[in-house]
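A.B. asks: Predicted model follows, preceded by the sequence.
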2 protein chains.
Amino acid sequence: MEKVKPRTLSGFMELLPEKQMQMERIKEILRETYSLYGFTPLDTPVIEASEVLLAKAGGETEKQIYRFTKGDSDLSLRFDLTVPLAKYVALHYGELAFPFRRFQIGKVYRGERAQRGRFREFYQADIDIIGDGSLDIMNEAEIPAIIFRSFTALGLSKFKIRVNNRKVLNGFFSVLGLSDRATDVMHTIDKLDKIGAEKCRLLLLDGGVSESAADEIMSFISIGGNTTEKISALDKYKGRDEVFDTGLSELSAVAECLSEFGVPEDNFEIDLTIARGLDYYTGTVYETTLTDYPEIGSVCSGGRYDNLAEYYTDRKLPGVGISIGLTRLFYVLEEQGLLSDEGVTAPADVLIIPMTEDLKAAVRTATTFRDAGIRTQLYSENKKFKAKMSYADKIGVPFVLFIGEDELQKGVVKVKDMQSGEQTELTADEAVRAVAGAIAKKNAAKVIKEK
Amino acid sequence: MEKVKPRTLSGFMELLPEKQMQMERIKEILRETYSLYGFTPLDTPVIEASEVLLAKAGGETEKQIYRFTKGDSDLSLRFDLTVPLAKYVALHYGELAFPFRRFQIGKVYRGERAQRGRFREFYQADIDIIGDGSLDIMNEAEIPAIIFRSFTALGLSKFKIRVNNRKVLNGFFSVLGLSDRATDVMHTIDKLDKIGAEKCRLLLLDGGVSESAADEIMSFISIGGNTTEKISALDKYKGRDEVFDTGLSELSAVAECLSEFGVPEDNFEIDLTIARGLDYYTGTVYETTLTDYPEIGSVCSGGRYDNLAEYYTDRKLPGVGISIGLTRLFYVLEEQGLLSDEGVTAPADVLIIPMTEDLKAAVRTATTFRDAGIRTQLYSENKKFKAKMSYADKIGVPFVLFIGEDELQKGVVKVKDMQSGEQTELTADEAVRAVAGAIAKKNAAKVIKEK
């Protein structure tokens, strides 16, 4: 038979078992953490009608869409989880309770130019809180707590949640008479980290901003100190613009409850340079950076928006949300060697190797272990002993159980700890307890290990 | 702004939050159960190169494929999880340990004619064990245990795992001189349940089977009794055909260890009428039916095959696998009213309603609950009390916590059990313990409740 060369498309992540286990663990931790904040899991189709999915899209996004026809239908693959959420909320409005809090961890598709670390199929892990007509600022204040708990649960400690408020920026620009150019100016400010203050100022001047306004902007975005000090410094700008004042009171509300939300000051920072390119954010905006890896950029971003579903409904549905680009994050963590090998990455906790013709005792032992919640594989292939042990090594199983005539007569199993090489004879119940204890420790290991 | 009518494509399941929680629970239980047997989770791309995905396909399958071009690439959406597994194993052969045991729960796509209960995007939950050159019969013997534990964990007890062996059938037909027509005859036998013995026999005769052979077939497939009795009856056919004898010894091996694998006799049956239409099964075949709902057909099927990846590689990769059509199963369970409402279906276990201006105490309490692993939502919208309680009702949250000035002074929270209506004043720690206990009970409820 002529063979077809097996291959996986470029830009599509396909992991080997050990890595996949780490990825699964990350998804599980995010599901658990998001759930702790009252978010309900959603799952929407990967394929949507093009006219629904592209109601809003345009420009770059539209070019990247996987769009095709099937029969008479014009179909597209989702390119994010926000548009499907907007559709979902507009479509099921009458059956939902607001604020509607949902998380979704799912694959999205963008036919970008393939390059290292860029993916065409990738996971996003999103949470959003949608209000009906209005949404209290406390929802925005809660987001840093969710980011903090998620990242901590993954094993990270050296990260910074950066927060700003679009109203603060907009109000400030309005005072300078730069409202018309606010978007351009924000785009320039956004680059501050990359290009430095000097170049940033020059770019502003090039963009037609006056010297005095440019100086004001530069001094504004370089306001320093801790959170309290920054809020105090911003207080001095108050009373000149209503939008600014609203933004500042929102920013204060977000900063005020941090300690009650359990977010340490070290992991939080007001960063007046953050604008989040997207025009649709209107209040608090968030970015999250890994302290030791600034070059990676933000790994969890989002913000407050006023109108989730305006393309589908006249109802005003304001919301706040964040998104983690999970596939890219995973890729970066692996590349930086930050994925821990201390957790569970083997497909089983125990490999039972029977040393007798009759496998009944081995099967019975396997069932006992499984009843106790221990992931157990029975090795039944007719191979030499050496091949069996090499299999155990290859799958990285932490414990091997031998059951031979000797053990059967004594009513024990021989347990080999594959890491220490130690062998002990235990009853099945003792073995269950010993293995369960060791596995619980492995399970408690964080999936990310900082250097 | 002109609005686009929001809609979800027909044939695509999109669930409301409560139902989605039940679906998530089912997926979680399958992940957990499959893991207990040493299967490793895999995740392969939804999109594959058409020449890879369709190496084997043809006829009906090919017509249903979602196939399209993007740039120069001819792409297709996967229509099952088996072909991607074959590709994966062929592609990563050198990096895998064999037997390679993987599970995958993922969406697949088939552009079938839309009709009630038929889906174009649906989840399959598959496990497969792939051997390198050979695979011991014990792997086939283990499959009923996995089906039994999965279905039991979901809450089902009235189901039957039906098992047959293709070699037994093939050998038997060979003795009758019907090898050439085995496929046709099997297709006819497969219909026995639907059309009855009389019609089945007539169909055989119509198909050119002699009267004597048809009688032999009918008497063969009506062999009755329990598992031991059926094996004994089959023993009498031994010695006439080598393939039959091999098949019978395999079938015996599968039946022999049932009790050691923890499978009750009641949930198992040798069914000589099962052939599984697909030509590629070569040994044990499995079907699983819900005793009270025979009309649904098999909800978990599969079998042993000799050559997983022959379209990609010359290596012989025999395997055994089963698949649950999860979306259809969920649809049927819901339609039959078998999904339990006793488990957790609310997005949160606790809704905290602050009755004070300053929310710090409420936030602190929320953090305490979350630290204890209790899913907690803080309700901060500026609404009337009645609206807040109606929100609590609508999301179905089991506990509401009130924190007012009174409670703050006394150092307590007021906990309302939404089911009983009972209100108690407890310290935060007492409240955590009370809620955790009640939620643990809810979590222990099975997702399926038989009538």
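C.D. replies: In hand now; what should we look at?

A.B. asks: From here on, just use CA atoms for contacts and neighbour counts.
C.D. replies: Fine.

A.B. asks: ok, A:Met114 - how many residues close by?
C.D. replies: Not quite, residue A:114 is Ala, not Met. 12 (other CA atoms under 10 Å in any protein chain shown).

A.B. asks: State the phi and psi torsions of it.
C.D. replies: Torsion angles at A:Ala114 (phi, psi; degrees, to the nearest 10) stand at phi -70, psi 130.

A.B. asks: Chain neighbours aside, what residue packs nearest to it?
C.D. replies: A:Gly11 (5.7 Å; CA to CA, 6 or more residues apart in numbering or on different chains).

A.B. asks: you'd agree the one you found is up against A:Gln115?
C.D. replies: Yes: using CA atoms under 8 Å, A:Gly11 makes contact with A:Gln115 at a distance of 7.4 Å.

A.B. asks: who's more crowded, the two?
C.D. replies: A side-by-side neighbour count of A:Gly11 and A:Gln115, using other CA under 10 Å, places A:Gly11 first with 20 against 10.

A.B. asks: who's in contact with that one?
C.D. replies: Going by CA atoms under 8 Å, 6 or more residues apart in numbering or on different chains, A:Gly11 touches A:Ala114, A:Gln115, A:Arg118, A:Phe119, A:Arg120, A:Glu121.

A.B. asks: switch the cut-off to 10 Å
C.D. replies: Shown in contact with A:Gly11 (CA atoms under 10 Å, 6 or more residues apart in numbering or on different chains): A:110-122, B:45.

A.B. asks: Need the nearest residue in space to the residue in the stretch 301-450 of chain A positioned nearest to chain B, chain neighbours excluded.
C.D. replies: Nearest residue of the stretch 301-450 of chain A to chain B, counting by CA to the nearest CA: A:Arg375, 3.9 Å away. Excluding the flanking residues, the one nearest A:Arg375 by CA to CA, 6+ apart is B:Leu36, at 3.9 Å.

A.B. asks: count of neighbours near the one you found?
C.D. replies: Here the number of neighbours of B:Leu36 (other CA under 10 Å) works out to 27.

A.B. asks: ok, it touching A:Thr368?
C.D. replies: No: B:Leu36 sits out of contact with A:Thr368 when judged by CA atoms under 10 Å, with a separation of 11.2 Å.

A.B. asks: what's the least confident helix or strand in chain A, going by average pLDDT?
C.D. replies: In chain A, no helix or strand scores lower on mean pLDDT, DSSP states H and E than helix A:59-64, which sits at a mean of 78.

A.B. asks: near chain B, anything from the helix or strand in which A:Asn139 is found?
C.D. replies: Assigned by DSSP states H and E, A:Asn139 belongs to helix A:137-154. Yes: for helix A:137-154 and chain B, the contact criterion (CA under 10 Å from any CA of the partner chain) is met by A:Ile137, A:Met138, A:Asn139, A:Glu142, A:Ala145, A:Arg149.

A.B. asks: check contacts around the residue nearest to A:Arg375.
C.D. replies: By CA under 10 Å, 6+ apart, the contact set of B:Leu36 is A:347-350, A:366-367, A:369-377, B:30, B:146, B:149.

A.B. asks: Just the ones of these in strands?
C.D. replies: Judged by DSSP state E, the contacts of B:Leu36 include A:Val350, A:Thr376, A:Gln377 as members of strands.

A.B. asks: Of those, which is the most crowded?
C.D. replies: Greatest neighbour count in the ones in strands among the contacts of B:Leu36, by other CA under 10 Å, goes to A:Val350: 30 neighbours.

A.B. asks: And it, what's its pLDDT?
C.D. replies: pLDDT for A:Val350: 98.

A.B. asks: do you know how far it is from A:Ser420?
C.D. replies: For A:Val350, the distance to A:Ser420 equals 15 Å [CA to CA, to the nearest Å].

A.B. asks: A:Phe330 too?
C.D. replies: Separation of A:Phe330 from A:Ser420 (CA to CA): 30 Å.

A.B. asks: So between the two, which is more surrounded?
C.D. replies: The residue with more neighbours, out of A:Phe330 and A:Ser420, is A:Phe330; 19 against 8, by other CA under 10 Å.

A.B. asks: where does the more buried one fall, phi/psi-wise?
C.D. replies: When read as degrees, to the nearest 10, the backbone of A:Phe330 gives phi -60, psi -40.

A.B. asks: OK, contacts around it?
C.D. replies: Contact analysis of A:Phe330 by CA under 10 Å, 6+ apart lists A:Lys19, A:Gln22, A:Met23, A:Ile26, A:Gly117, A:Tyr123, A:Gln336, A:Leu338, A:Leu339.

A.B. asks: Buried among the residues you listed? Need that as a selection in ChimeraX.
C.D. replies: Written as a ChimeraX command, the selection of buried residues from the contacts of A:Phe330, which uses 16 or more other CA atoms under 10 Å in any protein chain shown, is:
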select /A:19,22,23,26,123,338,339
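
A.B. asks: Next step: the contacts of A:Phe330 restricted to helices.
C.D. replies: The helices, defined by DSSP state H, take in A:Lys19, A:Gln22, A:Met23, A:Ile26 from the contacts of A:Phe330.

A.B. asks: okay, the residues you listed in a markdown table with pLDDT and distance to A:Glu287 next?
C.D. replies: Output for the ones in helices among the contacts of A:Phe330, formatted as a markdown table (pLDDT from 0 to 100; distance: CA to CA, whole Å):
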| residue | pLDDT | distance to A:Glu287 |
| --- | --- | --- |
| A:Lys19 | 97 | 27 |
| A:Gln22 | 97 | 24 |
| A:Met23 | 98 | 22 |
| A:Ile26 | 98 | 20 |
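
A.B. asks: residues in the stretch 151-300 of chain A within reach of chain B, list them.
C.D. replies: So far as CA under 10 Å from any CA goes, the stretch 151-300 of chain A lies against chain B at A:Glu256, A:Cys257, A:Leu258, A:Ser259, A:Glu260, A:Phe261, A:Gly262.

A.B. asks: Can you tell me which of those is nearest A:Glu381?
C.D. replies: Taking CA to CA as the measure, A:Glu381 sits nearest to A:Gly262 out of these, at 52.4 Å.

A.B. asks: which stretch of helix or strand covers A:Asp215?
C.D. replies: helix A:211-221.

A.B. asks: Now tell me what touches that helix from outside.
C.D. replies: By CA under 10 Å, 6+ apart, the residues outside helix A:211-221 that reach it are A:169, A:172-173, A:175-178, A:185, A:189, A:192, A:197-198, A:200-205, A:208-210, A:222, A:233-234, A:237, A:271-274.

A.B. asks: now it: how far from the chain's centre is it?
C.D. replies: How far helix A:211-221 lies from its chain's middle: 35 Å, per CA atoms, centre = their mean, to the nearest Å.

A.B. asks: And for stretch A:188-196?
C.D. replies: Relative to the mean C-alpha coordinate of its chain, stretch A:188-196 is positioned 25 Å out (CA atoms, centre = their mean).

A.B. asks: In that stretch, which residues are buried?
C.D. replies: Buried, per 16+ other CA under 10 Å, within stretch A:188-196: A:Thr188, A:Ile189, A:Asp190, A:Lys191, A:Leu192.

A.B. asks: Could you do stretch A:286-298 as well?
C.D. replies: A:Tyr286, A:Glu287, A:Thr288, A:Thr289, A:Leu290, A:Ser298.

A.B. asks: Then stretch A:136-153?
C.D. replies: Across stretch A:136-153, burial judged by 16+ other CA under 10 Å covers A:136-151, A:153.

A.B. asks: Could you pull up the residues touching A:Val89?
C.D. replies: A:Val83, A:Glu95, A:Leu96, A:Phe100, A:Ile130, A:Leu308, A:Ala309, A:Tyr312, A:Thr313, A:Leu317, B:Pro6.

A.B. asks: Show the subsequent helix or strand relative to the strand or helix carrying it.
C.D. replies: Using DSSP H and E, A:Val89 sits in helix A:82-91. Counting by DSSP H and E, the next helix or strand C-terminal to helix A:82-91 is strand A:100-109.
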